[in-house]
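# okay, predicted coordinates and the sequence, questions at the end:
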Amino acid sequence: MKKVKYYYDTENLAYRKIKPKKGQKLGVIALFLLASGLFGFLCFVILINTPFFETPKDRLQAREIENMKINYAILNKKMDQIDEVLENVAERDNNLYRVYFNSSPIPEEQRKAGFGGVNRYKALEGYDNSELVVSTTKRVDVISKELVIQSKSLDEILKLAKEKEKLLSAIPAIQPVKNEQLKQMASGFGYRSDPFTKIRKFHAGMDFSAKTGTPIYATGDGVVERADNTASGYGNHIVIRHGFGYETLYGHLSKYKVRAGQHVKRGDIIGYVGSTGRSEAPHLHYEVHKNGEVVNPLNFYYGNISAAEFAAISKLANQENQSLD
């Protein structure tokens with residue numbers, strides 16, 4: 001029960017009830033309502049920022065964020081594996097493939113370089129998980145660049161390999177006549193006695209003695225540049241241009257089996273032994289030219305003889321005897 005307050009009226013000498021003013025009563029009510037509103041709003045703010053007050057939409061969004069973090073973690077783990085594989089390929093590329101083909105290695109800083117200039121990741125900034133998204137995107141970009149560089153490098157290696165294959169096929173690497181018994185070496189490269197003048201002069205090739213009609217073989221892949229008897233002293237002869245600076249000459253033939261412009265493979269029969277031109281007896285005069293200079297053919301017979309056979313034929317070729325042309 002509400003207490004009733006009195007005051008003493010001195011004029012009437014009696015106690016009278018104190019009546020509150022109407023405006024004061026309204027002010028108290030307004031103050032109470034304002035305080036209640038502020039308290040309610042504060043409680044609402046506290047509630048919506050605590051885990052005890054989540055809407056279904058909030059819970060769904062939270063799960064999606066957690067799933068995103070898990071997916072980014074898995075993605076980064078896979079990128080670690082890709083990095084490991086790429087490092088392995090790059091190591092073999094620099095230390096094996098490029099060494100074999102005598103090509104300069106690709107520097108590590110070039111393989112791992114990022115992207116300069118403008119900020120490529122500005123659109124990803126300003127969010128709660130921006131750091132995770134930006135760092136992962138940067139890794140993807142670097143790996144993508146590494147893959148492009150490695151792909152171009154392997155394309156280059158493939159091109160070098162094809163050129164190397166052509167070079168190995170072009171080098172005159174076998175003897176031009178079959179020489180199983182190693183007894184057909186008549187005269188080697190260097191200074192020899194001329195069979196006609198008996199004067200010691202430089203012999204620019206090797207002479208293989210053989211019966212007329214013995215097959216002669218192309219010693220490397222190439223194109224027949226000439227098959228005629230226009231060069232002085234060689235009689236019927238063939239010149240094959242192998243590429244990479246190599247040429248071979250086959251002289252004193254009895255007949256040809258190829259014509260100018262024809263492509264030949266190592267081991268193809270190109271003609272037959274004879275004694276045409278300036279020749280003392282049936283034999284094949286064989287020369288190897290590298291970049292326009294005559295070189296010792298003996299240095300190229302690694303394609304079809306063993307080390308012991310090479311030593312034997314080298315001994316015969318180095319004897320300063322009389323040449324056959």
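Thanks, I have it.

# going forward, measure contacts between C-alpha atoms and count neighbours the same way
Will do.

# buried sites along stretch 210-217?
Neighbour-count burial for stretch 210-217, counted by 16 or more other C-alpha atoms under 10 Å, picks out Ala210, Thr212, Thr214, Pro215, Ile216, Tyr217.

# from Val28, how far out is Leu38?
15 Å (C-alpha to C-alpha, to the nearest Å).

# can you map out the helices along the stretch 51-200 of the chain?
Here the stretch 51-200 of the chain has its helices, by DSSP state H, counting those that start in this stretch, at 56-92, 98-100, 108-111, 130-170.

# now those helices in JSON lines, with mean pLDDT?
As requested, those are exported to JSON lines (pLDDT from 0 to 100):
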{"stretch": "helix 56-92", "mean pLDDT": "81"}
{"stretch": "helix 98-100", "mean pLDDT": "76"}
{"stretch": "helix 108-111", "mean pLDDT": "76"}
{"stretch": "helix 130-170", "mean pLDDT": "83"}
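
# any chance of these in TSV, plus distance to Leu34 and mean neighbour count?
Output for those, formatted as TSV (distance: least, C-alpha to C-alpha, whole Å; neighbours: other C-alpha atoms under 10 Å):
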stretch	distance to Leu34	mean neighbour count
helix 56-92	31	13
helix 98-100	82	15
helix 108-111	68	12
helix 130-170	42	15
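
# of all those helices, which lies closest to Ser275?
Taking C-alpha to C-alpha, helix 130-170 is the member of those nearest to Ser275, at 27.7 Å.

# next one: that closest one to chain centre, how far?
Distance, stretch centre to chain centre, for helix 130-170: 5 Å (C-alpha atoms, centre = their mean, to the nearest Å).

# quick check: angle from that helix to helix 56-92?
30 degrees (axes from the mean of the first three to the mean of the last three C-alpha atoms, to 10 degrees).

# which helices and strands does helix 130-170 pack with?
When contacts are defined as 3 or more C-alpha pairs under 8 Å, 6 or more residues apart in numbering; DSSP states H and E, helix 130-170 sits against helix 56-92, helix 108-111, strand 237-243.

# can you list the low-confidence ranges for the stretch 101-250 of the chain?
Under the criterion pLDDT under 70, the flagged ranges of the stretch 101-250 of the chain are 113-118, 180-186, 193-198.

# go again using 80 as the cut-off
Where the stretch 101-250 of the chain drops to pLDDT under 80, the residues are 101-103, 108-134, 179-203.

# mind putting the helices of the stretch 51-200 of the chain into a markdown table with distance to Glu11?
Below are the helices of the stretch 51-200 of the chain laid out as a markdown table (distance: least, C-alpha to C-alpha, whole Å):
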| stretch | distance to Glu11 |
| --- | --- |
| helix 56-92 | 72 |
| helix 98-100 | 122 |
| helix 108-111 | 106 |
| helix 130-170 | 82 |
